[in-house]
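Novice: Sequence below, structure please.
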Amino acid sequence: MLLRSLSGLLYVGLLIVILSLNSPHGFIIVFFIFGLIALVEFNKLIQLKSSIPYFIFIVLYVVFGYWQMALKSDTGLIEATQILMVLTIFVNLFLTKDLFSKKIPLFATKRYIITTFYLSSGFVFLALIAIMFGAKLLLGAFVLVWVNDSFAYLVGKNFGKQKLFEKISPKKTVEGFLGGIFFACIASYFIAYITNTLNSTYWLLLGIVVAVFGTLGDLIESKFKRQANVKDSGSIMPGHGGILDRLDSIIFAAPFIYLFLRIFHYVS
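Specialist: Prediction:
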């Protein structure tokens, strides 16, 4: 328990410090390292022994992430980023559909599609959110994920009766899912006040987006682990598993958060 607590605090502390300092180079480097580690873990889950996904991740991250930070603009990349977002969301929705199947089909081509648009793009959009909308906003999204996960567990443990996806994650319940959304919405008001980024209405909507798609991301990664017959994606964080286990929710939710913020920016 002590080791689990220390590794968890180190992980949370690192993210809070990096994002609070609002150092673009800092979070670009941290998410790049996290992305590579998560890719290693995920490739083991889907039994993909190729260096191509790493090359694709580096190219996507540099072109869509670092380049836009260096230019301090998305000029010339707006259309390309929109195409990447559409493809990523499209693949994520197909993975959501696979939750209702016995197994996620993993033929060769699909392995490359998933590593590119589910995982690599997820980290790209994490970087883009921080670069284009501010590190405080991304930190707020992380806090919403943590609040949703924590209260979904607490509400589900104490009041949960109806299973959400029993074959994939036996401990998740409908009551816990709704409880997580409810407390994420409450947390959104405090985040709006503290960060002074979006207004409380937009943070409330963002809280729902994060809670819903974050839960789906957690379920999808759980299904991959069940197919691989493993408990955790890795062991880099004692008591917590791998980096992918910690970031599965926010990785999946990232393109949807980015889409929401782009719509909000366009409307405003």
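Novice: From Asp218, how far off is Tyr11?
Specialist: Tyr11 is 16 Å from Asp218, where distance means Cβ to Cβ, to the nearest Å. Any C-beta I mention is one placed from the backbone N, CA and C, and that applies to glycine too.
Novice: I meant Leu247, not that one.
Specialist: 10 Å.
Novice: higher neighbour count, these two?
Specialist: A count of neighbours by other Cβ atoms under 10 Å puts Leu247 above the other of Leu247 and Asp218, at 27 against 23.
Novice: my guess is that one meets Ile37, correct?
Specialist: No: counting by Cβ atoms under 8 Å, Leu247 does not reach Ile37; the two are 9.5 Å apart.
Novice: which residues of the stretch 1-150 of the chain fall in helices?
Specialist: Taking DSSP state H, counting those that start in this stretch as the test, the helices found in the stretch 1-150 of the chain are 2-20, 24-45, 52-60, 67-71, 78-97, 108-114, 121-133, 135-159.
Novice: most tightly surrounded among these?
Specialist: Counting by mean count of other Cβ atoms under 10 Å, helix 121-133 has the highest mean neighbour count of those, with a mean of 24.
Novice: C-alpha coordinates for that one, PDB please?
Specialist: The C-alpha coordinates for helix 121-133 follow below in PDB (Å, rounded to 0.1, in the frame of the first residue of the first chain):
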ATOM      1  CA  SER A 121      -3.000  10.200 -31.900                       C
ATOM      2  CA  GLY A 122      -4.300  10.300 -28.300                       C
ATOM      3  CA  PHE A 123      -0.900  11.600 -27.100                       C
ATOM      4  CA  VAL A 124      -0.800  14.000 -30.000                       C
ATOM      5  CA  PHE A 125      -4.100  15.500 -28.900                       C
ATOM      6  CA  LEU A 126      -3.000  15.700 -25.300                       C
ATOM      7  CA  ALA A 127      -0.100  17.900 -26.500                       C
ATOM      8  CA  LEU A 128      -2.300  19.900 -28.800                       C
ATOM      9  CA  ILE A 129      -4.800  20.700 -26.000                       C
ATOM     10  CA  ALA A 130      -1.900  22.000 -23.800                       C
ATOM     11  CA  ILE A 131      -0.300  24.000 -26.700                       C
ATOM     12  CA  MET A 132      -3.400  25.500 -28.200                       C
ATOM     13  CA  PHE A 133      -5.700  25.900 -25.200                       C
END
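Novice: What is it packed up against?
Specialist: The contact analysis (3 or more Cβ pairs under 8 Å, 6 or more residues apart in numbering; DSSP states H and E) places helix 121-133 against helix 24-45, helix 52-60, helix 67-71, helix 78-97, helix 135-159, helix 243-267.
Novice: Low-confidence ranges, the chain, go.
Specialist: 1-8, 69-76, 235, 237-240, 266-268 (pLDDT under 70).
Novice: re the thing from before, can you lay out the helices and strands packed on helix 121-133 as JSON lines showing distance to Phe107?
Specialist: Formatted as JSON lines, the helices and strands packed on helix 121-133 follow (distance: least, Cβ to Cβ, whole Å):
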{"stretch": "helix 24-45", "distance to Phe107": "15"}
{"stretch": "helix 52-60", "distance to Phe107": "15"}
{"stretch": "helix 67-71", "distance to Phe107": "33"}
{"stretch": "helix 78-97", "distance to Phe107": "13"}
{"stretch": "helix 135-159", "distance to Phe107": "31"}
{"stretch": "helix 243-267", "distance to Phe107": "21"}
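Novice: now for these, which one comes closest to Gln227?
Specialist: Nearest to Gln227 among the helices and strands packed on helix 121-133 is helix 24-45 (7.7 Å), distances taken as Cβ to Cβ.
Novice: Show me what that closest one is packed against.
Specialist: By 3+ Cβ pairs under 8 Å, 6+ apart, helix 24-45 packs against helix 2-20, helix 52-60, helix 67-71, helix 121-133, helix 135-159, helix 200-228, helix 243-267.
Novice: hmm, try it at 10 Å
Specialist: The contact analysis (3 or more Cβ pairs under 10 Å, 6 or more residues apart in numbering; DSSP states H and E) places helix 24-45 against helix 2-20, helix 52-60, helix 67-71, helix 108-114, helix 121-133, helix 135-159, helix 200-228, helix 243-267.
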